[in-house]
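Undergrad: Okay, here's the prediction I keep looking at, along with the sequence it came from:
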Amino acid sequence: MQFKFRFIAAIGAMMLLQGCGEEFLNHPPLDAMTSGNFYKTNDEILAGTAPLYNIVWFDFNDKANMAFQEARAGNLNSNDRTAYIKHAVPSTDVGTLLPGYKSFYKIIAQSNNAYKAIKEAQGSTASAAVKAQGLGECRFMRATAYYYLVTNWGAVPIVYDNVAQLNTPPVRNRIDDVWKLVIQDYRFAAENLPATAVQGRLTKYSAEGMLARMYLMRSGLNQNGTRKQADLDSAKYYAESVITKSGLSLAPTYGELFESANNNASKNNPESLFSLQWMPVSSPWGVNNSFQAYFAYDANITGTGDGWGAAQGLSADLVKYFTENPADSLRRKAIAMFDTDVYPNIQKGNGGLKYNRPAALSAIKKYIIGSPADNGGLGGFMAANINSYMLRLAEVYLIYADAVLGNAATTADAKALEYFNAVRKRAGMPAKTSLTFEDIFRERRVETVFEGNSWNEVVRWYYFNPAKAIAYTAAQHKENYTMTYMAGSINPKKYTVTYSPAEYYPLTDATLYLPFPESEIVNAPSLKNEPVAFDFSKLVD
């Protein structure tokens, strides 16, 4: 409980830090915490960086995540996110596009502010270890925000000092420079974060796991159809370090990863390398996880006046995958509700939730945990007591396999198969004896769906093989459907799925990146200019 109490004690700091203006650079108010009056003790540093684990991520988690990552990647059926499903997002979207874009610069602003304040704190009595930890957390979070910016918008402005750059018109920096910054920041984090930390805090292995992901991602950039071997080697190196040295292990079952009891700010799952740490309270606004409010299909599930997800569900493309691969039922049931499924940990007082919705969509199950009564009394309106995974050990296993595969058509490398099949074994899936890129890509898609990285995976494929990435999206079924359990079928259960006329909305070169929000272009017309090189000499560690 110590970590939870520290977060709650930091709420005043959170509200100060959130008090940034709405200007493009999100510069701090003059009365915000500065090196002169904060960040001088161990507790102040930890309190000052606590907001980086939740409140600054709220606008991303609230609506943008599922639109940017899951709707665009072909995983979501949603009346509210049609433009993202169809790759036809208007720059005038102020409900999702604008707050989502701003959310990342809010994270960057607070990371920059805290980093500078820790370094410049006068009269500090904080230990060198805690200072290093705080600085590492800031650089880690800044890197993560830029990771999402570069995969969703491509060339974007690099903001490294909110005050120094305040009166300078923002310019877009080259994609390869943004990637260079991301990797530099994560490397700094890996060198400064501790090997172990208080529950939920970042460690060096959190940063190494992200480095494995980033090097694998960047390996195809500007390589003319191949992947850069040096980046693949780095991805393998960091993935292996995390797997063999972190002390983390896969959770015994997939479903338990998404139960509140195993994944909250007081008790993080031992598979978690990086999770957003949400509080089970609705005030102050922004420390709460609103995911369940939007995606629980019925208000009786949440018991808190929300639960607006009746028109949201699994995409037709994923329904096809699961109905054609019934052996993947353990993951499927933890990801999506099919007609007649039973969930004992939701509506416990009534003997469990029975999903009886014949002729309806498959509702989302992942991160749907039920009412406060189902979760030890914790939770509230738009405030489910569950963390959001940003990186899990299972993904690092799959990254290792992909890095080993590299530019080969297939691999039967023993270690790659061992790690890949460990993820499959937990899911109840048969082991494979050789791997292709498509095998690993599909496994990552299913394993981590709705965890905030699905679209980035499509971009990764596009980097080194745009034709295949476009063909992949062109084949995704995005039509409506209804499904009903076939009475009497067991092991496996079977379903009658009625699909509307097929709908396909492929990615194009022109729609790989989201448009900049119109209001940002109005405020900063310089965003329309061609990207320029970033001067890395301006950065000071």
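TA: Yep, it's here.

Undergrad: how near is the residue nearest to residue 227 when sequence neighbours are not counted to residue 177?
TA: Spatially, and ignoring its direct neighbours in sequence, residue 227 is nearest to residue 219 (4.0 Å; C-beta to C-beta, 6 or more residues apart in numbering). (C-beta placed from N, C-alpha, C; glycine too.) In this view, residue 219 and residue 177 are 17 Å apart by C-beta to C-beta, to the nearest Å.

Undergrad: Counting neighbours, go ahead and name the busier of the two.
TA: Counted by other C-beta atoms under 10 Å, residue 219 and residue 177 do not tie: residue 219 has more neighbours, with 25 against 19.

Undergrad: isn't the more buried one right up against residue 461?
TA: No - taking C-beta atoms under 8 Å as the definition, residue 219 is not a contact partner of residue 461, at 11.4 Å.

Undergrad: Now do the helices in the stretch 301-450 of the chain.
TA: 316-324, 329-335, 393-405, 414-426, 437-448 (DSSP state H, counting those that start in this stretch).

Undergrad: Please name whichever of those is nearest to residue 87.
TA: helix 316-324 (14.3 Å; C-beta to C-beta).

Undergrad: what pLDDT, on average, does that closest one get?
TA: Helix 316-324 shows a mean pLDDT of 98.

Undergrad: Give the buried residues for that helix.
TA: Residues 316-323 are the ones in helix 316-324 that count as buried (16 or more other C-beta atoms under 10 Å).

Undergrad: so which of those comes closest to residue 419?
TA: residue 321 (22.1 Å).

Undergrad: Can you tell me how far the closest one is from residue 315?
TA: 9 Å.

Undergrad: What of residue 431?
TA: 28 Å.

Undergrad: Looking at these two, which is more packed in?
TA: When residue 431 and residue 315 are compared for neighbours, residue 315 comes out ahead with 26 against 11, by other C-beta under 10 Å.

Undergrad: Quick one: residues contacting the more buried one.
TA: Residue 315 makes contacts with 74-77, 85, 476-478, as judged by C-beta atoms under 8 Å, 6 or more residues apart in numbering.

Undergrad: Check residue 469 too.
TA: Here residue 469 is in contact with 458-459, 461-462, 507 (criterion: C-beta under 8 Å, 6+ apart).

Undergrad: nearest to residue 301, of the residues you listed?
TA: residue 458 (30.8 Å).

Undergrad: Can you read off the pLDDT for the residue nearest to residue 227?
TA: According to the model, residue 219 carries a pLDDT of 98.

Undergrad: repeat for residue 540
TA: On the pLDDT scale, residue 540 gets 72.

Undergrad: doesn't it fall inside a strand?
TA: No - according to DSSP: H, G, I helix; E, B strand; the rest coil, residue 540 belongs to no strand; its state is coil.

Undergrad: Give me the neighbour count for it.
TA: 8.

Undergrad: got the contact list for the residue nearest the centre of the chain?
TA: Centroid check for the chain by C-alpha atoms, centre = their mean gives residue 452 as the closest residue, at 3.0 Å. Going by C-beta under 8 Å, 6+ apart, residue 452 touches 65, 69, 388-390.

Undergrad: domain parsing for this structure?
TA: Following automatic domain parsing, the chain resolves into domains at 2-283+512-538, 291-385.

Undergrad: Tell me which of those domains approaches residue 402 most closely.
TA: That would be domain 2-283+512-538 among these, by C-beta to C-beta, at 5.9 Å.

Undergrad: which of the helices of the stretch 301-450 of the chain sits most buried?
TA: Mean neighbour count (mean count of other C-beta atoms under 10 Å) peaks for helix 393-405 among the helices of the stretch 301-450 of the chain, with a mean of 25.

Undergrad: now for that helix, which elements pack on it?
TA: Helix 393-405 sits against helix 204-218, helix 229-245, strand 272-276, helix 414-426, helix 437-448, with contacts defined as 3 or more C-beta pairs under 8 Å, 6 or more residues apart in numbering; DSSP states H and E.

Undergrad: quick one: that helix to chain centroid distance?
TA: 17 Å (C-alpha atoms, centre = their mean, to the nearest Å).

Undergrad: And for stretch 197-207?
TA: Using C-alpha atoms, centre = their mean, the offset of stretch 197-207 from its chain centre is 16 Å.

Undergrad: which residues are in contact with it?
TA: Outside stretch 197-207, the residues within contact range by C-beta under 8 Å, 6+ apart are 2-3, 6, 46, 53, 133, 136-137, 140, 186-187, 189-191, 193-196, 241-242, 245-246, 248, 265-268, 273-275, 277, 387, 391.

Undergrad: Any regions of the protein where pLDDT drops low?
TA: The model of the chain has pLDDT under 70 over residues 1-36.

Undergrad: Do you have the strands of it handy? List them.
TA: 76-78, 272-276, 312-314, 336-337, 341-343, 353-355, 363-364, 388-392, 481-485, 495-499 (DSSP state E).

Undergrad: any idea how far the first one is from the chain center?
TA: In terms of C-alpha atoms, centre = their mean, the centre of strand 76-78 is found 17 Å from the chain centre.

Undergrad: likewise the third one?
TA: Its chain's C-alpha centre lies 18 Å from the corresponding centre of strand 312-314 when counted by C-alpha atoms, centre = their mean.

Undergrad: Mind jotting down where the helices sit in the stretch 51-200 of the chain?
TA: Using DSSP H, counting those that start in this stretch, helices in the stretch 51-200 of the chain cover 58-59, 65, 82-85, 97-120, 128-153, 175-192.

Undergrad: now for the ones you listed, which one comes closest to residue 306?
TA: helix 58-59 (15.3 Å).

Undergrad: List of residues touching that closest one?
TA: Contacts of helix 58-59 (C-beta under 8 Å, 6+ apart): 99-100, 102-103, 106, 285-288, 290.

Undergrad: if we go to 10 Å?
TA: If you take C-beta atoms under 10 Å, 6 or more residues apart in numbering as the criterion, helix 58-59 is touched by 18, 65, 96, 98-104, 106-107, 276, 278, 285-290.

Undergrad: quick revisit: I'd like to know which of the helices and strands packed on helix 393-405 lies nearest to residue 369.
TA: The nearest among the helices and strands packed on helix 393-405, by C-beta to C-beta, is strand 272-276 at 14.5 Å.

Undergrad: May I have the strands that pair with the closest one, each with its orientation?
TA: strand 388-392 (antiparallel) (DSSP bridges).

Undergrad: Now do the partner strand against helix 414-426, angle only.
TA: 150 degrees (axes from the mean of the first three to the mean of the last three C-alpha atoms, to 10 degrees).

Undergrad: how far off helix 229-245 does strand 388-392 point, in degrees?
TA: Going by the same axes, to 10 degrees, strand 388-392 makes 110 degrees with helix 229-245.

Undergrad: can you start the count at 118 instead of 1 from here on
TA: In the new count, where the first residue is 118, that last one comes out as strand 505-509.

Undergrad: Now do strand 505-509 against helix 321-335: the angle between them, please.
TA: Using the same axes, to 10 degrees: strand 505-509 against helix 321-335 is 80 degrees.

Undergrad: got the contact list for residue 520?
TA: 329, 332-333, 336, 344, 348-357, 533, 557.

Undergrad: next one: residue 449
TA: Taking C-beta under 10 Å, 6+ apart, we find residue 449 in contact with 371, 431, 435-436, 438-440, 442-443, 455, 458, 479, 482, 544, 563, 609-610.

Undergrad: how close does it sit to residue 499?
TA: From residue 449 to residue 499 the distance is 27 Å (C-beta to C-beta).

Undergrad: now do residue 589
TA: For residue 589 relative to residue 499 (C-beta to C-beta), the value is 35 Å.

Undergrad: now residue 579, nearest residue through space, not along the chain?
TA: residue 586 is the one closest to residue 579 (C-beta to C-beta, 6+ apart), at 3.9 Å.

Undergrad: can you list residues touching both of residue 438 and residue 432?
TA: 566, 594.

Undergrad: Give me the phi and psi angles of the residue sitting furthest away from the middle of the chain.
TA: Relative to the centre of the chain, and counting by C-alpha atoms, centre = their mean, the farthest-placed residue is residue 605 at 38.7 Å. Backbone geometry at residue 605, expressed as degrees, to the nearest 10, gives phi 90, psi -10.
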